[in-house]
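# Here you go, sequence then predicted model.
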Amino acid sequence: MDELLDGPVVPTGMNDSDSSDASKPELANDKFSNTFWTTNLKEGERENYLEATFAGPTRLVYVFITGLKSEPPPPREEQRPSKVLISVRHEGAKDGTPYQDFPVVEVADDGKRHGFYVGADNVRDVKLTIIEPNNRAAKAVSVAGVQFSER
């Protein structure tokens, strides 16, 4: 039933682990496939993540991820995410409260938008952590788009 009643929800804020002005986190949520968010990968030092905050509690149904930007082709050292951990923090959670993790998802290498079912109530923040790029030699990972669907 959730699939029939879902609708887009736009975050009021976007945050990330590391980006430049040219690839700020808001570019992953601007609905254009030729813009993108990029993070420089640094193993062991910190998580590589993209985070969205909603205006109020949201009944989150799906997270959509588009891994490849449409143009121009990315440089060789910039890749797309292969595995992503989707996590949520619920409304009313105090600072320092851990996120609720969902199973790691695999993002297909085809440039299409892929939906991942979450089904969580009272969501305030969603965090997408890059677990693995599609190429181990990658120095950076870019995401063309993220969208969120609520009920």
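Perfect, thanks for sending it. Small disclaimer: the values here were computed from a predicted structure and weren't measured.
# tell me the pLDDT at the spatially most central residue of the chain?
Residue closest to the mean C-alpha point of the chain, counted by C-alpha atoms, centre = their mean, is L128 at 4.2 Å. Per-residue confidence for L128 comes out at a pLDDT of 95.
# can you offset everything so residue one is 51?
Got it, first residue is 51 now, which makes that one L178.
# Now for it: which residues touch it?
Contacts here follow C-beta atoms under 8 Å, 6 or more residues apart in numbering; on that basis L178 touches Y99, L100, E101, V113, I115, V134, L135, I136, S137, V193, V196. (C-beta placed from N, C-alpha, C; glycine too.)
# my read: Y112 touches V176, true?
No - at 10.8 Å, Y112 does not count as touching V176 under the criterion of C-beta atoms under 8 Å.
# most residues in a single strand of the protein, which one?
Across the chain, the strand with the greatest residue count (assigned by DSSP state E) is strand 163-183.
# which parts of it are buried?
166, 168, 170, 173-180, 182-183 (16 or more other C-beta atoms under 10 Å).
# Tell me the one among these nearest to P75.
Distance ranking of the buried residues of strand 163-183 against P75, using C-beta to C-beta, places L178 first at 10.2 Å.
# do you know how far that closest one is from N172?
Using C-beta to C-beta, to the nearest Å, L178 is found at 19 Å from N172.
# before we move on, back to that, which one of the buried residues of strand 163-183 sits closest to A105?
R174 (9.2 Å).
# Model confidence for the closest one, exactly?
94.
# Would you mind measuring from it to G161?
31 Å.
# hmm, back to that, dump the buried residues of strand 163-183 to CSV, plus distance to K144.
Listed next are those as CSV, based on distance: C-beta to C-beta, whole Å:
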residue, distance to K144
F166, 27
V168, 22
A170, 18
V173, 16
R174, 12
D175, 13
V176, 18
K177, 16
L178, 22
T179, 21
I180, 26
E182, 31
P183, 33
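# Pick out the most distant pair among these.
Farthest pair in the buried residues of strand 163-183, by C-beta to C-beta: R174 and P183, 28.2 Å.
# Can you report how many residues lie near A105?
A105 has 11 neighbours, counted by other C-beta atoms under 10 Å.
# Sweet, I'm off.
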